[in-house]
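In: got a predicted model here, sequence first, then my questions.
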Amino acid sequence: MHATPTTSDIDVAELGAWEPHPDRADVRELIAVDEEGRIPELLPQRRERMSTSPFAFYRATASIFAHDLAHLPRTGHVAQLSGDAHLSNFGLYRAPDRAMVFDLNDFDETLPGPFEWDLRRLVTSVELAGRHRGIDARERWAATAEAVRSYVAAVVEFALMHHVELHYYRLTVKQIEKRWGDGTPGHMKKRLKETIRKAEGKDRLKAFRKLTVLDADGNARFRDDLDHLTPAHLLGNEWDARQMLENFDAALASYRATLSGERQTLLDRYRFADLARRVGGVGSVGTRCWVALLLGAHDDPLILQIKEAGPSVLEAYLGGSPYAEHGQRVVEGQKRMQASPDAFLGYEQLVDDDGLSHDYYFRQLWDGKGSFDMDTITPEGLSLCATISAHTLARAHARTSDADALAEYLGDGHDLSAAMTRFAVRYADQVETDFAVVSG
């Protein structure tokens, strides 16, 4: 752990500084530490995904980013952090009232901490995504600077809101089109509408059609011919598969108790039908992740994702979680940061054969999920995605910090924009260096 004093009087310009610590561990050692406790047979797949590009490598290495920030000076402006606020962790989904909203959607590393850790994570992802797409340096700089300006303007806007108004504030697709539509080129408006259309179709019914088949008895079961999905009954005697199958009713009851009363009633409409292990996104490959098929009457499916929650990568540097279970840490952090959390968001804990506890959180697998495609994004798209994501991050931070003090600290945003664009370029260079070491 790095012993770094926390202060609130760091000049904003200092936030642009980046040099690796003289005692920085070898990046391969840092990755090995991050892989401890993951499922061994999935690690080759994780490494393969990480090796596709520096941007993919960055997405998978939130632990290295936290390790590197730990020795830098910190502001005293503390907010609830995502801990992994890169561009691909923002996107569209359906809120419980069925409105399509844009928000943060990954909270595995959430913990209170200095706001700039999230903002640095975001702006570096903008720079790396731009490099990944071959976007020139001037346009990357412009997208990053615009994101920082969006963050500052939003913090000021939210600081002036009443607390209740801010609590309920969210970005719907209609608000996105109204707020940013006038300045968006025609081809980008078309692409945004296409992204929204795809997200609207990516729901539980599509997941059911894609992931399940009927067995010989006419019962819906998870498919066994998908690379990222393995039915639990095919996993042999692995303790976690056996524990999940043998104790799923108890696990479901434990999870149910973390839901509000009306959502418990909704969950009770469904019965458990099948379980499968699922390989998650690049950063989560190797952690235990399940999907449970529940069925209601009249061909009514509900597919829940059950994802392992370990300690946040931030805890070694910012202190431990106040919650006894990491599933609860994720759920409570998500509720603080997200305007409209999933209706089925909850958590539970399992104990393995050796008496070790494993924490999980539950949410729906797909509920109108969509995001900007970083493999095809244009310069205009990168700028728009960065701007909306920064606005969203500012909302999450304003909800969970002293927004007035943060707005005063940020000033007009000019110095912060210069600092953050400088940091993004320097740290993106570090990522590319680390990627070359690991890939070579």
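Out: In hand now; what should we look at?
In: domain map for this structure?
Out: Domain segmentation of the chain under automatic domain parsing yields 12-201+373-439, 204-364.
In: how long is the first one from one end to the other?
Out: Distance across domain 12-201+373-439, first residue to last, is 35 Å (Cα to Cα, to the nearest Å).
In: cool, and stretch 302-322?
Out: 32 Å.
In: buried ones in it, by neighbour count?
Out: 302-310, 312-318, 321 (16 or more other Cβ atoms under 10 Å). Every residue, glycine included, has its C-beta placed from N, CA and C.
In: which of the residues you listed fall in strands?
Out: If you go by DSSP state E, the buried residues of stretch 302-322 have 302-308 in strands.
In: tell me which two in those residues are the farthest apart.
Out: L302 and E308 (20.5 Å; Cβ to Cβ).
In: need the strands for the chain, in chain order.
Out: With strands called from DSSP E, the chain shows them at 78-81, 90-94, 100-104, 111-114, 171-172, 212-214, 220-222, 229-231, 271-278, 289-296, 300-308, 346-351, 357-364.
In: please work out which residues outside the fourth one touch it.
Out: What it means is strand 111-114. 6, 74-81, 83, 312, 314-315, 318, 321, 329, 333, 400 (Cβ atoms under 8 Å, 6 or more residues apart in numbering).
In: can we see that at 7 Å?
Out: The contact list for strand 111-114 (Cβ atoms under 7 Å, 6 or more residues apart in numbering) reads 74-75, 77-78, 80-81, 83, 312, 314-315, 318, 321.
In: repeat for stretch 363-380
Out: 55, 87-88, 90-94, 100, 129, 132-133, 135, 139, 185, 188, 195-196, 198-200, 202-204, 206-207, 291, 303-305, 342, 344-345, 381, 385.
In: show the buried residues in these.
Out: Here, 16+ other Cβ under 10 Å leaves 55, 87-88, 90-94, 100, 129, 132-133, 135, 139, 188, 195-196, 199, 202-204, 207, 291, 303-305, 342, 344-345, 381, 385 buried among the contacts of stretch 363-380.
In: which residue is the nearest non-sequential neighbour of the one residue sitting closest to the centre of the chain?
Out: What sits nearest the mean C-alpha location of the chain, by Cα atoms, centre = their mean, is D106, with 2.0 Å. Closest residue to D106 apart from its sequence neighbours, by Cβ to Cβ, 6 or more residues apart in numbering: N89 at 4.0 Å.
In: what of A403?
Out: Among residues not flanking A403 along the chain, A159 sits closest, at 3.9 Å (Cβ to Cβ, 6+ apart).
In: what's near enough to touch that neighbour?
Out: 398, 403-404, 407.
In: among these, which lie within helices?
Out: 398, 403-404, 407 (DSSP state H).
In: returning to what we had before: from the ones in strands among the buried residues of stretch 302-322, which is closest to L259?
Out: Checking those against L259 with Cβ to Cβ, the nearest one is L304 at 11.5 Å.
In: for F248, see how far away the nearest residue to that closest one once chain neighbours are set aside is.
Out: Here the nearest residue to L304 in space, its sequence neighbours aside, is A292; by Cβ to Cβ, 6+ apart that works out to 4.7 Å. Note on A292: its distance to F248, by Cβ to Cβ, to the nearest Å, is 7 Å.
In: and if you look at A232?
Out: 9 Å.
In: more neighbours, those two?
Out: A232 (21 against 18; other Cβ atoms under 10 Å).
In: check contacts around the more buried one.
Out: By Cβ under 7 Å, 6+ apart, the contact list for A232 reads 241, 244-245, 275-277.
In: can you give me the pLDDT of D249?
Out: The predicted structure scores D249 at 84 on the pLDDT scale.
In: over to T184?
Out: 67.
In: go on, H228?
Out: Note for H228: predicted pLDDT of 89.
In: and T287, by the same measure?
Out: 85.
In: what bridges to it?
Out: V285 (DSSP bridges).
In: touching, it and E36? I think so.
Out: No. Look at T287 against E36 with Cβ atoms under 7 Å: they stay out of range, at 11.4 Å.
In: which of these two has more neighbours?
Out: Under the neighbour definition other Cβ under 10 Å, T287 and E36 were set side by side, and T287 has more, 18 against 7.
In: any idea how far the more buried one lies from G310?
Out: 7 Å.
In: overlap in contacts, the two.
Out: Joint contacts of T287 and G310 (Cβ under 7 Å, 6+ apart) do not exist.
In: scan the chain for its longest helix.
Out: Secondary structure assigned by DSSP H gives helix 414-439 as the longest helix of the chain.
In: same for it, what does it pack against?
Out: Under the contact criterion of 3 or more Cβ pairs under 7 Å, 6 or more residues apart in numbering; DSSP states H and E, helix 414-439 touches helix 27-34, helix 54-59, helix 115-132, helix 137-159.
In: on that earlier part again, how many neighbours does the residue nearest to D106 have?
Out: Using other Cβ under 10 Å, N89 has 24 neighbouring residues.
In: surely it and N105 touch.
Out: Yes. The criterion here is Cβ under 7 Å, and N89 meets it with N105 at 6.1 Å.
In: follow-up on the earlier one: please identify which pair of the contacts of A159 lies farthest apart.
Out: A398 and D404 (9.5 Å).
In: of the two, which one has the most company?
Out: Ranked by neighbour count (other Cβ under 10 Å), A398 and D404 place A398 first, with 24 against 14.
In: now the more buried one. Nearest residue, chain neighbours left out?
Out: Excluding the flanking residues, the one nearest A398 by Cβ to Cβ, 6+ apart is F158, at 3.7 Å.
In: on that earlier part again, wait, isn't the residue nearest to the centre of the chain in contact with H86?
Out: No. The criterion here is Cβ under 7 Å, and D106 misses it with H86 at 8.8 Å.
In: returning to what we had before: pLDDT score for the residue nearest to D106?
Out: Per-residue pLDDT puts N89 at 96.
In: again with the one 4 residues further on
Out: Predicted confidence (pLDDT) at Y93: the value is 93.
In: quick check, it in contact with D106.
Out: No. Counting by Cβ under 7 Å, Y93 stays clear of D106, with 11.6 Å between them.
In: looking at the chain, which helix or strand does the model trust least?
Out: Among the helices and strands of the chain, helix 239-246 carries the lowest confidence by mean pLDDT, DSSP states H and E, at a mean of 72.
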